[in-house]
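Chemist: With the input below, show me the fold.
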Amino acid sequence: MLEVIDKGTAQPSHPVPLLFVHGAWHAAWCWDEHFLDFFAARGYRAVAPSFRGHGNSPTPKRLRDCSFADYLDDVVSVARSLPTPPVLVGHSMGGVIVQKYLETTDAPAAVLMASMPPQGYLRSGLRWLRRHPVHFAKLTVTGRSLAYVSTPELARERFFCAHTPEPLVRRYAARLQEESARSGLDGLVTLPKPDRVRAPLLVLGADEDGAVTRDEVAATARAYRTEPEFFAGMGHDMMLEPGWRAVAERVDGWLGARGL
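Modeler: I've put the predicted structure just below:
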């Protein structure tokens, strides 16, 4: 059984549940810090699973071998347990899983937050190689990447902006966990197919994102025939940054305008 944090009850004003999908090195806790309570208080049912091998979710095989297909199966299983098809909100790698989900499954809408683009991880990997060649070489050989994102300095570089208070960075860096080596390979070869997606998408990015560039967020928006929206003074972890409420309010407003 997957760990699923489930808050709130769907109200007539918001009858469709929200399914929040986390990114690499994270788990459901990243949504539970702020977003789940925010949306529950606004009359939504807000649900956040942890992928297998993440948070308190068990995995039947080694974490390093877990694939995008495994993570997609996790999202499908939780979505099917809900009374109606949910709106999906995906962050970073979770945004790619949401895109893959939408290729074959109808959804009322979806939100991509600092999502990896349909073009995959190649440019991100090359940036990592240029910034930290020794780190990149070690993680390539060992398949273990946590040490290279989880110190306060490296977590700030990748996930938070320069102005995020140090105690917050240290707190969240300590909660990061190892990620699947297989998922990194899938990010290069198991790419989304935007032409198969029919759901309306809201594409959001952060101006001080150390993981996904503005150009990549814009490429995602173009692929889904929409315009990107960016938040100033914010890093990659848009749901954890001090300005998280502005992001949540934008998502709430966008969904409310669609009767969701």
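Chemist: and the helix or strand where residue 76 lies, which residues are buried?
Modeler: For residue 76, the element it lies in under DSSP states H and E is helix 68-81. By 16 or more other Cβ atoms under 10 Å, the buried positions in helix 68-81 come out as 68, 70-72, 74-75, 78-79. For glycine as for every other residue, the C-beta is placed from the backbone atoms N, C-alpha and C.
Chemist: cool, and stretch 114-121?
Modeler: Buried-residue list, stretch 114-121, by 16+ other Cβ under 10 Å: 114-118, 120-121.
Chemist: among those, which are in strands?
Modeler: With strands defined by DSSP state E, no entry of the buried residues of stretch 114-121 lies inside them.
Chemist: Dump these into a markdown table; add distance to residue 28 as well.
Modeler: Shown next, in a markdown table, are the buried residues of stretch 114-121 (distance: Cβ to Cβ, whole Å):
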| residue | distance to residue 28 |
| --- | --- |
| 114 | 17 |
| 115 | 18 |
| 116 | 19 |
| 117 | 24 |
| 118 | 25 |
| 120 | 25 |
| 121 | 23 |
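Chemist: Enumerate the beta-bridge partners assigned to the residue nearest the centre of the chain.
Modeler: What sits nearest the mean C-alpha location of the chain, by Cα atoms, centre = their mean, is residue 91, with 1.7 Å. Beta-bridge partners for residue 91, by DSSP bridges, are residue 113.
Chemist: show me what contacts it?
Modeler: 20-23, 26, 30, 113-115, 237-239 (Cβ atoms under 8 Å, 6 or more residues apart in numbering).
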